[in-house]
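Visitor: starting from these lines, generate the structure:
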Amino acid sequence: YGYPVLPQLDTKRHYDLLRQWIHDCDSSHTFCKPISPHRTRLPTRVLYVGTIENPQLRLHCPTEEYAKYIALSRCWGGPDPAKNFSTFGCNIDARCGNIQLEDLPIIFRDAITVTRELGIQFLWIDSICIVQ
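Guide: Numbers count the residues shown, from 1 in each chain. Predicted structure coming up:
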């Protein structure tokens, strides 16, 4: 389509363009079209991010639940454990209760902001949603 690449997502215009891209994809691309409009089966674990008006953050473990979600996959791990935010068997219950936004790396906080701005309530982040 020749859409411009936007380096920053800090204005209504940027989010409107992202919404248009998603709409174009959902309505025009045969491969991208959801089986039923705006409904996809959620993965085993996904972050519930709430909304801009009612922000919440917790790990959600759906059973046969269908909704739109965004996925973020990135290179993670490495020498600085402070930059990592992962889910383990020992902390999964705490993650399902509540996650403090300020405890997350900036890339996760940005992804949560974008997800909320797009009106989507679920976000899949590999290092949080896959139990290590």
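Visitor: and the helices in this protein?
Guide: For the chain, the helices defined by DSSP state H cover 12-28, 92-97, 106-117, 126-129.
Visitor: how about the longest one: buried residues?
Guide: So the one you mean is helix 12-28. Using 16 or more other C-beta atoms under 10 Å as the test for burial, helix 12-28 gives Tyr15, Leu18, Ile22. No exception for glycine: its C-beta is placed from N, CA and C like everyone else's.
Visitor: same deal with the third one?
Guide: Applying a neighbour-count criterion of 16+ other C-beta under 10 Å, one finds Phe108, Ala111, Ile112, Thr113, Val114, Thr115, Arg116, Glu117 buried in helix 106-117.
Visitor: how close does the fifth one get to Cys96?
Guide: Distance of Val114 to Cys96, given as C-beta to C-beta, to the nearest Å: 23 Å.
Visitor: then the fourth one?
Guide: Applying C-beta to C-beta, the value for Thr113 to Cys96 is 22 Å.
Visitor: neighbours of Leu123, just the number please.
Guide: A count of nearby residues for Leu123, using other C-beta atoms under 10 Å, gives 23.
Visitor: these two touch, right, it and Arg45?
Guide: No: look at Leu123 against Arg45 with C-beta atoms under 8 Å: they stay out of range, at 11.1 Å.
Visitor: returning to what we had before: for the buried residues of helix 106-117, which one is nearest Thr51?
Guide: Thr51 has its nearest neighbour among these in Arg116, at 6.1 Å by C-beta to C-beta.
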